[in-house]
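**Student:** Generate a structure from the sequence data that follows.
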Amino acid sequence: MDGTTASTPTASTTIDGGPPPDLGSRTVSFLADVVARFADRWAAADDPPEIESFLPGGLPVGDALRRAAIVELIKVDLEYRLVHANRPKPLSEYRDEFPELRSKPLPVDLIYEDFHLRRRSGHAVDAAAYVREFPENAEQVATLLEPDDYRSTLVAQPGAQRALEQVNVGDRVDDFDLLTELGRGSFARVFLARQRSMQRIVAVKVSHDHGTEPQTLAQLDHDYIVRVFDQRLLPDRELKLLYMQYVPGGTLLDVLRRVREHPAEHPRTGRFLLDSIDAVLERKGEIRPSDSSVRAEIAELSWPETVAWLGRRLADALDYADQHGVLHRDIKPANVLLTSEGVPKLADFNISFSDRVAGTSPVAYFGGSLAYMSPEQLEACHPDLPGSATDLDARSDIYALGVMLWELLTGRRPFADERDAGESATSLERMLALRRHEIDTRFQEELPDDCPAALRRVLLTCLAPNPEDRWSTGAELAQQLDLCLDARARDLVDPPPHSWRHRLLPWMIPIVALGVGVPNTLAAIYNYNHNQTLIINELSAEAQQRFVEISQVINSIVFPLGFVLIVYLCRYVIYVPLGLRRGRSYDAATLSRARADTLLMGDRIVAVVFALWLIAGIAFPVMLQIAAGALPQGVYVHFLGSQIVCGAIAVAYPFFLVTFYAVRCLYPSLLPHGITSSSDERRLRGLERRSTKYLAVAASVPLVGVAGATFLPPDEISAVIVAVRVLCVGGVIAFVFVYWLFRLLEEDLRALERVVS
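**Tutor:** Numbers count the residues shown, from 1 in each chain. This is a model prediction of the structure:
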């Protein structure tokens, strides 16, 4: 290759096979009107309209304007026939119908239109067949229709092309008996073969001898990557044999064709994927596996969950390849093979720019599928833009994977350039312009109704125009797709827009204040009533007044200090979620700290509150000594019992109220913004263990109240009997409520553990 991209001819540049005639703006407007009327008639009619009836009248056969109109109307006719009506018509019939198309070579852009529309509508297309059918434009057609291979090979190695065409089923090539053909392109053919030396069935890719593919692929040994065994070179025939693991279940392209054939109003499930695989197996004479746990798992999934299930495994494969210095750079449905059980396997790595293969060149980068490329990858393809292959990393593959998964969900890619996806500089610029913006709302509305909000968010993040805004690694994406497969966890992380959890998220400070304040207020009321009845009322009026004054001074100092300490300990929990809602971004260390502090928030708050009660437990007797002098020993016993009860109330109930809000609302809101680590899983498990201990404290509240009352003399029991009864009944009711929160919290924590593990 010379480092330039082929330009897709427009209608005006190819009508006569030479410089376009200057037809004038009025003529162009006339053609646009003719095309619009023809398209309207196609949309409204049950049968295809006749092209001849829309052609300009009074023009002789062979006139440039008539020929231009024919070409443009055929393009519209092809689109409606192939994409909308499933009534294909070969180009040869149009050529027979109109003499204008026989007198000169068929316009290359019309050939491209037919090829692209057939591929888009799920028909089998073969670039080599187009080359043979239109020999007068062979070089241009080969260049235009085959973006997935080294286009210059057809011209530079005619011997290799002839040798490739001479390879047939039944031949023995080197160590392989070719059993059946699995697929073909202009520059490669894939056969099912028996390797004689190993007595095993393999897939053999016979192609022109170029590239360094096996050098890198042989290093990749992963469950979701097609295993490449080795290569054999046939120098006398200028061919290369790449033999690899045979995967019999077809490709995701087969699945995509079925998606397009079955309208979205017919609900799809995981069974849809299995039916596609079974159809391929039946066509190949393969036996469908029985008693497969993997197939049973897939069959129970919804269609969005099935797409997430496939994507999770492909993201894992991309991460593995990236760790070995390999970018795929050609993610598309045809390059994802499926086992008979439905497990996806990445194939056909476009690894010419692997950082571990010597002697590669960024020029080879231009072999890829434009429709799935990231903006930075398209920029590298443009001859006049500064981008290059060295700018790409795993995030480019993640973008392509996002496009493919979106297409599986909806049947189409999330861009409006499917008809115009040529390789001219103009087409590349249009594609770049579309991909440099967020996905249009009308495309988002095409997602299935049962698509979880989590999967929508994950795919939109994959398709972010700026690589910095995408998932940074395949591992990060795989974790997010795992989340999409867990109904409880994804509902936590991506609550419906109108759910109470979504609405309460901005109200953290008032909610936490209520969660802490209400139980402590009730404890203070109980404490005041208990101590007022048994202790304070026994003091003189002067002593009572002094006690109140000292209490006010201590409370005015201790409680503000406690509030400041709580805010300081929870500062990350306060400002990081607030900043994220306002569009700010934070580094991984800050996000990790925020997640850790969120899970510790309940413990820290009740620790501060308990410390305040402990200070009061020390200060209260001291104040009594100052106000009233020596008091009977029983007074201190009463006070100690009251403090124990109030301390239990102040610890157990606020912990569950605050922690439940933190786990239900705050912690999940942090997960979409960065990958978690093993420390998150340990923290979640630690919180689950601590919750059991706090539950035991909550259960002790009514027991401690009853136990304390048994130590009171009979004459004092009557004075506090009402408070003790209220404490016992309220404690039992509160424990039932706390136990309910505990069970919910336990389920939430386990769901989140599955996400971060």
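
**Student:** can you give me the helices for the stretch 251-400 of the chain?
**Tutor:** 252-261, 270-284, 293-299, 303-323, 375-381, 394-410 (DSSP state H, counting those that start in this stretch).

**Student:** likewise the stretch 651-757 of the chain?
**Tutor:** 667-670, 678-710, 714-756.

**Student:** got the CA coordinates for the first one in CSV?
**Tutor:** What follows is helix 667-670 as a C-alpha-only set of coordinates in CSV (Å, rounded to 0.1, in the frame of the first residue of the first chain):
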residue,chain,number,x,y,z
TYR,A,667,-22.0,3.5,47.3
PRO,A,668,-23.7,2.2,44.1
SER,A,669,-23.6,5.7,42.6
LEU,A,670,-19.8,5.6,42.8
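
**Student:** which residues sit against it?
**Tutor:** 492-493, 495, 505, 576-577, 580, 591, 594-595, 598-599, 752 (C-beta atoms under 8 Å, 6 or more residues apart in numbering). Using the backbone N, CA and C atoms, a C-beta is placed for each residue, glycine as well.

**Student:** I'd like the helices of the stretch 251-400 of the chain written out as a markdown table, with mean pLDDT, mean neighbour count and distance to residue 104 added.
**Tutor:** Formatted as a markdown table, the helices of the stretch 251-400 of the chain follow (pLDDT from 0 to 100; neighbours: other C-beta atoms under 10 Å; distance: least, C-beta to C-beta, whole Å):
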| stretch | mean pLDDT | mean neighbour count | distance to residue 104 |
| --- | --- | --- | --- |
| helix 252-261 | 88 | 20 | 35 |
| helix 270-284 | 89 | 18 | 41 |
| helix 293-299 | 92 | 16 | 53 |
| helix 303-323 | 93 | 24 | 46 |
| helix 375-381 | 81 | 22 | 31 |
| helix 394-410 | 92 | 25 | 37 |
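
**Student:** Take these and write them to JSON lines, including distance to residue 689.
**Tutor:** Listed next are the helices of the stretch 251-400 of the chain as JSON lines, based on distance: least, C-beta to C-beta, whole Å:
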{"stretch": "helix 252-261", "distance to residue 689": "43"}
{"stretch": "helix 270-284", "distance to residue 689": "36"}
{"stretch": "helix 293-299", "distance to residue 689": "31"}
{"stretch": "helix 303-323", "distance to residue 689": "29"}
{"stretch": "helix 375-381", "distance to residue 689": "46"}
{"stretch": "helix 394-410", "distance to residue 689": "36"}
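
**Student:** Domain-wise, how is the protein divided?
**Tutor:** 11-144, 158-244, 252-485, 500-756 (automatic domain parsing).

**Student:** Comparing those domains, which comes out most buried?
**Tutor:** domain 252-485 (a mean of 19; mean count of other C-beta atoms under 10 Å).

**Student:** related to what we said a few turns ago, rank the domains of the chain by pLDDT, which is bottom?
**Tutor:** Among the domains of the chain, domain 11-144 carries the lowest mean pLDDT, a mean of 73.

**Student:** And that domain, how far out from the chain middle?
**Tutor:** Relative to its parent chain, domain 11-144 has a centroid offset of 39 Å by C-alpha atoms, centre = their mean, to the nearest Å.

**Student:** My read is that residue 181 contacts residue 189, right?
**Tutor:** Yes - under the criterion of C-beta atoms under 8 Å, residue 181 makes contact with residue 189 at 6.5 Å.

**Student:** which is the next helix or strand following whichever strand or helix holds residue 482?
**Tutor:** Using DSSP states H and E, residue 482 falls within helix 474-484. Counting by DSSP H and E, the next helix or strand C-terminal to helix 474-484 is helix 487-493.

**Student:** Which other helices and strands does that following helix contact?
**Tutor:** Helix 487-493 sits against helix 453-462, helix 474-484, helix 667-670, helix 714-756, with contacts defined as 3 or more C-beta pairs under 8 Å, 6 or more residues apart in numbering; DSSP states H and E.

**Student:** Could you name the helices and strands sitting against the last one?
**Tutor:** In this case it means helix 714-756. helix 474-484, helix 487-493, helix 508-534, helix 633-661, helix 678-710.

**Student:** is it possible to export those helices to CSV including distance to residue 756?
**Tutor:** Compiled in CSV, those are given as follows (distance: least, C-beta to C-beta, whole Å):
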stretch, distance to residue 756
helix 474-484, 8
helix 487-493, 9
helix 508-534, 22
helix 633-661, 17
helix 678-710, 4
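
**Student:** Looking at those helices, spot the one closest to residue 292.
**Tutor:** Residue 292 lies closest to helix 474-484 among those, at 21.1 Å (C-beta to C-beta).

**Student:** which other helices and strands contact the closest one?
**Tutor:** helix 303-323, helix 394-410, helix 453-462, helix 487-493, helix 714-756.

**Student:** how far out from the middle of the chain is it?
**Tutor:** Distance, stretch centre to chain centre, for helix 474-484: 7 Å (C-alpha atoms, centre = their mean).

**Student:** What's the end-to-end length of stretch 578-598?
**Tutor:** Distance between the boundary residues of stretch 578-598 (C-alpha to C-alpha, to the nearest Å) amounts to 13 Å.

**Student:** now swap in stretch 452-471 and tell me
**Tutor:** End-to-end for stretch 452-471, by C-alpha to C-alpha: 18 Å.

**Student:** Likewise for stretch 286-300?
**Tutor:** Note: stretch 286-300 ends 24 Å apart using C-alpha to C-alpha.

**Student:** can you list contacts of it?
**Tutor:** So stretch 286-300 is contacted by 248, 269-271, 273-274, 278, 280-282, 306, 309, 340-343 (C-beta under 8 Å, 6+ apart).

**Student:** same thing with stretch 274-282?
**Tutor:** Here stretch 274-282 has contacts from 248-250, 254-255, 258, 286-288, 295, 298-299, 338, 340, 342, using C-beta under 8 Å, 6+ apart.

**Student:** partners of the closest residue to residue 246 other than its chain neighbours in the sheet?
**Tutor:** Nearest non-adjacent residue to residue 246, counting by C-beta to C-beta, 6 or more residues apart in numbering: residue 203, 4.6 Å away. Here residue 203 sits in beta bridges with residue 192, residue 244, going by DSSP bridges.

**Student:** and residue 203, what does it touch?
**Tutor:** Residue 203 neighbours (C-beta under 8 Å, 6+ apart): 182, 190-193, 243-247.

**Student:** Same question for residue 612.
**Tutor:** With the criterion set at C-beta under 8 Å, 6+ apart, residue 612 makes contact with 558-559, 562.

**Student:** Repeat that for residue 504.
**Tutor:** If a contact means C-beta under 8 Å, 6+ apart, then residue 504 has 511, 661, 665 as its contacts.
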